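Chemist: Coordinates only, no sequence provided:
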């Protein structure tokens, strides 16, 4: 990175943090710290929701995913609009009605303290682990590519987030996220424009799409129903809808974002904005990957995008074998360019026979290139010092560093930092809120002054920040840690959603039945997952959300029928707690 | 009613209309129509470039 890049990077990040601190000044009670001053408009809520979900890995890996696998990943998001409508229509009004700080508070008023704290504990485990990964994942990529010190990168990212989250609470998180999203979207758009501009003069944008389509990168929609296929319309619409209902409706890191709205209307509109904006946004990010693929058909890419791994090969006994593959790659690359242009000529000529022949020749050179890349990966697998890493994560950052002009490199690195910080800030904020409200204030230290809870909330934010940083520091020691964290999410989300849907829509089901249903349902989901891992079943992970949710609801209904728990009026205990905090504002 | 109680009541006012489509149901229908249209547009996009 050049000096101008450092100036842009430091300037952008400093501006965002100072802006967040300035906009959230005057936070001096627990309610303002945890829920904000509740003055946010729908666009701030909407951007905050998007920024919370989209971590740095979203912007680093998604273009790389399209580069490798095409745009079919977009189907993962197809259930988003429906999920947002259901939440806006049914769930948000309930949270407003019961004036909750956390989603889990509602469960106590509906069921009992045991169910509330079970759901809250599951959230803390999941998010506590995920917060570490959100920092670690971009830090390892940046340190590999830019030769930065990994620990220092993690510490820097973590310290900046802790600073403004502890200082300004929820409002600081939401205000910085608005700025971060502006930087992220502008940065990605500029990168896209430069990429299109860098295509050869004889390759128009339309031709680029034709090439991407010919090479299976524009495979956006697949209607074939296949349980083992991770991304098709049905897994997106069914599994995806349930996943998003669970994530946006029951995960405190998201619930907290829209509870800080000025009114129910603003919160609902924030969610609707997310439902309308998210799919086109992901489409654009994936399109960047598809166009980047075309760009690399005319600009020779490295044989492998992880520079650090390649450097290690060059120091190993496999150096010669790797360099031979690189020589062969150059020859294939030059031939392929001719074949692509021949294909485009044949296509514009319109003769079916010519097109077919040109396509066959092109496919052959693509096959050979794929073979060379596979061989390079096999060589890497033999060098023990090289850690397994997804190559797709390194494609976009390599493009940024190689082809973007000075200044813009700094801006795009700021995009990556912003995305990592925005997600982590929401997570720390939510972890601290849940710990304070659902455990500390509810069970461990009741009836204290407001200042006490404000101090505790800030303390828990620092504590969770330090846990996330520690976890990020050791994450590299475990090969499958990232996968493990994702699995924990998929395995538990369905059951949590089942508990919440039962609470919202099945009023005759009581506490004992839902607790037993949730427990047994969760065991069955874990069994399905284990059978899948043992290859006795073949079910993509998105379906676990749907299976978990349906199992919990059916089992709870069954237990309610068998137990015949009497219908009782459950007092809204959490409302009393809420009043305690509101009253103590005056203390 | 205290100002705080008034504030809570305002925040949870259900009758508040959306700025577009006059009713919430109208807005929700628009979002669902958007979902169907976008899947259809993606399908055409895939078909065209396949």
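Modeler: Good, I have the coordinates. Quick caveat: nothing in here was measured; it's all calculated off a predicted structure.
Chemist: Residue of chain A closest to chain B, please.
Modeler: Closest contact between chain A and chain B, by C-beta to the nearest C-beta, is at residue A:213 (2.7 Å). (Each C-beta comes from the backbone N, C-alpha and C, glycine too.)
Chemist: That residue and residue A:495: what is the separation?
Modeler: Computed with C-beta to C-beta, to the nearest Å, the distance linking residue A:213 and residue A:495 is 41 Å.
Chemist: Compare the two and say which is more crowded by neighbours.
Modeler: Higher neighbour count among residue A:213 and residue A:495: residue A:495, with 30 against 19, using other C-beta atoms under 10 Å in any protein chain shown.
Chemist: ok so, going back, the residue of chain A closest to chain B and residue B:50 touch, don't they?
Modeler: Yes: contact criterion C-beta atoms under 8 Å: residue A:213 and residue B:50 qualify, at 6.3 Å.
Chemist: Quick check, pLDDT for the residue of chain A closest to chain B.
Modeler: As predicted, residue A:213 sits at a pLDDT of 93.
Chemist: Once you drop chain neighbours, what's closest to it?
Modeler: Nearest non-adjacent residue to residue A:213, counting by C-beta to C-beta, 6 or more residues apart in numbering or on different chains: residue B:49, 2.7 Å away.
Chemist: got it, and residue A:172?
Modeler: Residue A:172's closest residue in space is residue A:24 (C-beta to C-beta, 6+ apart), at 3.9 Å.
Chemist: so what's that neighbour up against?
Modeler: By C-beta atoms under 8 Å, 6 or more residues apart in numbering or on different chains, the contact list for residue A:24 reads A:36, A:164, A:167-169, A:171-172, A:175.
Chemist: Can you give me the pLDDT of it?
Modeler: Confidence at residue A:24, expressed as pLDDT, is 79.
Chemist: again, but for residue B:4
Modeler: Here the pLDDT value assigned to residue B:4 is 52.
Chemist: buried residues in the lengthiest helix in chain B?
Modeler: Ranked by residue count and defined by DSSP state H, the top helix of chain B is helix B:24-49. Neighbour-count burial for helix B:24-49, counted by 16 or more other C-beta atoms under 10 Å in any protein chain shown, picks out B:24, B:27-28, B:30-31, B:35, B:38-39, B:42, B:45-46, B:49.
Chemist: give me the residue from chain B nearest chain A.
Modeler: Nearest residue of chain B to chain A (C-beta to the nearest C-beta) works out as residue B:49 at 2.7 Å.
Chemist: Residue A:376 versus that residue, what's the distance?
Modeler: Distance from residue B:49 to residue A:376, counting by C-beta to C-beta: 29 Å.
Chemist: Could you do residue A:7 as well?
Modeler: Note on residue A:7: its distance to residue A:376, by C-beta to C-beta, is 37 Å.
Chemist: Same drill for those two, tell me which one is more crowded.
Modeler: Neighbours were counted for residue A:7 and for residue A:376 using other C-beta under 10 Å; residue A:376 has more, 23 against 12.
Chemist: Figure out the helix or strand that that one lives in.
Modeler: Using DSSP states H and E, residue A:376 sits in helix A:352-382.
Chemist: After that helix, which helix or strand is next?
Modeler: Per DSSP H and E, the first helix or strand lying C-terminal to helix A:352-382 is helix A:392-403.
Chemist: where does the chain have low pLDDT?
Modeler: You didn't say which chain, so I picked chain A. Counting by pLDDT under 70, chain A shows low-confidence ranges at A:476-488, A:542, A:565-587.
Chemist: try again with chain B
Modeler: Scanning chain B with the threshold set as pLDDT under 70 gives B:1-15.
Chemist: repeat that with 80
Modeler: Residue ranges of chain B with pLDDT under 80: B:1-16, B:50.
Chemist: Report the angle between the top helix by length along chain A and helix A:392-403.
Modeler: The residue-count maximum for a helix in chain A (DSSP H) belongs to helix A:150-197. Here helix A:150-197 points in a direction 70 degrees away from that of helix A:392-403 (axes from the mean of the first three to the mean of the last three C-alpha atoms, to 10 degrees).
Chemist: Now the helix or strand following helix A:150-197: buried residues?
Modeler: The helix or strand immediately downstream of helix A:150-197 is helix A:205-214, counting by DSSP H and E. By neighbour count with 16+ other C-beta under 10 Å, helix A:205-214 contains the buried residues A:207-214.
Chemist: how about CSV for those, with distance to residue A:461 added?
Modeler: Formatted as CSV, these follow (distance: C-beta to C-beta, whole Å):
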residue, distance to residue A:461
A:207, 52
A:208, 46
A:209, 46
A:210, 51
A:211, 49
A:212, 44
A:213, 48
A:214, 51
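Chemist: Can you tell me which residues in the stretch 51-200 of chain A are near chain B?
Modeler: A:74, A:78, A:81-82, A:84-85, A:88-89, A:93, A:96-97, A:99 (C-beta under 8 Å from any C-beta of the partner chain).
Chemist: By neighbour count, sort out the buried ones in those residues.
Modeler: With burial judged by 16+ other C-beta under 10 Å, the buried subset of those is A:74, A:78, A:81-82, A:84-85, A:88, A:93, A:96, A:99.
Chemist: chain center to stretch A:142-151: distance?
Modeler: 22 Å (C-alpha atoms, centre = their mean, to the nearest Å).
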